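Novice: Dropping the sequence and predicted coords here.
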Amino acid sequence: MSNQPAQHHGVYPRPVLGQLPKYAAGKVATPVEGLTPYKLSSNENPFGPVPAVHKVLAEFTDYCRYPDPMSTALRERIGTHLGVPADDIVTGAGSLGALTQLISTFAGTNEDGSKDEVIYPWRSFEAYPIVVRTAGAQDVQIPLLPDHRHDLDAMAAAINERTRVIILCTPNNPTGPVLTTAEVEDFMAKVPNHVLVILDEAYLEFIRDENAVEGVEMYRKYPNLVALRTFSKAHGLANLRVGYSLSNPDLTQYLRVIQTPFAVSTVASNAAIASLDAIEEVMERVNQVVAERDRVQAGLAELGWDIPESHANFVWLPMGERTQEFAAKADEVALSLRAFGDEGLRVSIGEVEANDRFLQLCADNRDFLAAD
């Protein structure tokens, strides 16, 4: 007799698929006659990669060859850049790929059917629940504080005997606030040594707060902490999918067992190396984005908009029930913003003209100020 449920009449997926939220990528802006459309919905670097990367891409020819599954040259270059052993680095297809490897390695469903728990802040990166549930683990979402920051006390209080992993996102995507070194050290003192803490630093390069936590320092101090980073944002390599995790050998030995083979192509690896070799140029572009972010935040404050201070390449507008309405207003002026249900909108920092048009949109719609 078949074990297939009666309501199914063919191949059917795991039940967990019905429990997964749908990942919604940022949409391209709606064309409006007379206006250049701008996509401010995916936190992409508007300046793209540095010229050295374009040169590497143009010269690459070995498309018929498989990449080095260990990404040796890239790991060595990252190791030199950060001052860490290359063996402590595990690459992945973007930081999301590296995160998936981490969760799949350290959290899931046990032999007795019980599920490990993964704690993370919410709202935060929308892929967290998808990755955790797909791995067979149980996610535990801890609501953000009213100021849109992590509620670290509540996250610590949620730790129990089933907790295997905790994710911290700094700066938090999509709200923007950063965690400080003091906050994370205080939090780590409450975390058992057998619980893995992931410090998601996808937007690290945009931080200008001297008190902000820094993953390399933390991984050196705490054996159960892993830093997660990407070349998608600051380096402008989003389409090439290059990310990595940084952890001590006791963790990397397990990660390498489940690491996706050939996840980072040779051309992507070469591009990332070229970008690190031109890090001063990269940071010049990052500084332009930061200057625009600060200008946008100052402009919003001048208009009377109360938003959390962002340390990333985006700002968060807590719109509440009028979120979708404001997103539609943006569409009318060829701006694509990232709307999150009835919570708010994340607006990427783009080209100067795009940012000017966004500020004008906010000036023309001040009645939305009371939405949250």
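Specialist: Good, I have the coordinates. Residues are numbered from 1 along each chain as shown.

Novice: quick one, domains of the chain?
Specialist: 15-48+280-370, 51-278 (automatic domain parsing).

Novice: quick one: which of those domains has the weakest pLDDT on average?
Specialist: Looking at the domains of the chain, the lowest mean pLDDT belongs to domain 15-48+280-370 (a mean of 91).

Novice: Around P177, how many other residues sit close by?
Specialist: 22 (other C-beta atoms under 10 Å). To be clear about C-beta, it is placed using only N, CA and C from the backbone, and glycine gets the same treatment.

Novice: so what's it up against?
Specialist: By C-beta atoms under 8 Å, 6 or more residues apart in numbering, the contact set of P177 is 147-150, 171, 308-311.

Novice: just D277 next, same as before
Specialist: Residues near D277 by C-beta under 8 Å, 6+ apart: 52, 77.

Novice: mind checking how far it is from R77?
Specialist: To R77, D277 is 8 Å away according to C-beta to C-beta, to the nearest Å.

Novice: re earlier: take the contacts of P177 and lay them out in TSV including neighbour count.
Specialist: What follows is the contacts of P177, written out as TSV (neighbours: other C-beta atoms under 10 Å):
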residue	neighbour count
D147	9
H148	20
R149	19
H150	25
P171	26
P308	21
E309	18
S310	26
H311	21
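
Novice: D68 sits in which helix or strand?
Specialist: For D68, there is no enclosing helix or strand under DSSP states H and E.

Novice: Give me the phi and psi angles of it.
Specialist: Main-chain torsions, D68, degrees, to the nearest 10: phi -70, psi 120.

Novice: isn't R164 right up against P192?
Specialist: No - R164 lies out of contact with P192 (C-beta atoms under 8 Å); the separation is 10.3 Å.

Novice: Please enumerate the helices of the stretch 251-372 of the chain.
Specialist: 266-277, 279-303, 323-332, 352-364 (DSSP state H, counting those that start in this stretch).

Novice: next one: the stretch 51-200 of the chain
Specialist: For the stretch 51-200 of the chain, helices defined by DSSP H, counting those that start in this stretch occupy the ranges 51-59, 72-82, 94-106, 127-134, 152-157, 181-188.

Novice: Just say which of the ones you listed is most tucked in.
Specialist: Highest mean neighbour count among those (mean count of other C-beta atoms under 10 Å): helix 94-106, with a mean of 24.

Novice: who's in contact with that helix?
Specialist: 90-92, 116, 118, 127, 131-132, 135, 137, 164-165, 167, 196, 198, 200, 202, 226, 228-230, 232, 238, 241-245, 254-255, 257-260, 263.

Novice: And stretch 321-329, what's buried?
Specialist: 322-323, 326-327, 329 (16 or more other C-beta atoms under 10 Å).

Novice: Centre-most residue in the chain?
Specialist: A202 (4.8 Å; C-alpha atoms, centre = their mean).

Novice: Check the secondary structure at that one for me.
Specialist: coil (DSSP: H, G, I helix; E, B strand; the rest coil).

Novice: Is it correct that it is in contact with K233?
Specialist: Yes - applying C-beta under 8 Å as the test, A202 and K233 come out as touching, 5.9 Å apart.

Novice: Near Y66, how many other residues are there?
Specialist: Y66: 10 surrounding residues under other C-beta under 10 Å.

Novice: got the contact list for it?
Specialist: F262.

Novice: how close does it sit to K22?
Specialist: 32 Å.

Novice: Check G10 too.
Specialist: Taking C-beta to C-beta as the measure, G10 and K22 are separated by 23 Å.

Novice: likewise R366?
Specialist: 33 Å.

Novice: more crowded one of these two?
Specialist: Neighbour totals were compared for R366 and K22, and R366 leads with 11 against 6 (other C-beta under 10 Å).

Novice: just checking, that one touches L300?
Specialist: No - under the criterion of C-beta under 8 Å, R366 is not in contact with L300, lying 10.9 Å apart.

Novice: ok, and the closest non-adjacent residue to V191?
Specialist: The shortest distance from V191 to any non-neighbouring residue, by C-beta to C-beta, 6 or more residues apart in numbering, is to V197 (5.9 Å).

Novice: got the CA positions of stretch 55-64 in PDB?
Specialist: The C-alpha trace of stretch 55-64 is given here as PDB (Å, rounded to 0.1, in the frame of the first residue of the first chain):
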ATOM      1  CA  LYS A  55      38.900  43.800 -17.200                       C
ATOM      2  CA  VAL A  56      39.000  40.400 -15.500                       C
ATOM      3  CA  LEU A  57      35.500  39.600 -16.800                       C
ATOM      4  CA  ALA A  58      36.500  40.600 -20.300                       C
ATOM      5  CA  GLU A  59      39.700  38.500 -20.300                       C
ATOM      6  CA  PHE A  60      38.200  35.300 -18.800                       C
ATOM      7  CA  THR A  61      38.000  32.300 -21.200                       C
ATOM      8  CA  ASP A  62      37.900  29.100 -19.300                       C
ATOM      9  CA  TYR A  63      34.200  28.700 -19.300                       C
ATOM     10  CA  CYS A  64      34.500  25.000 -20.100                       C
END
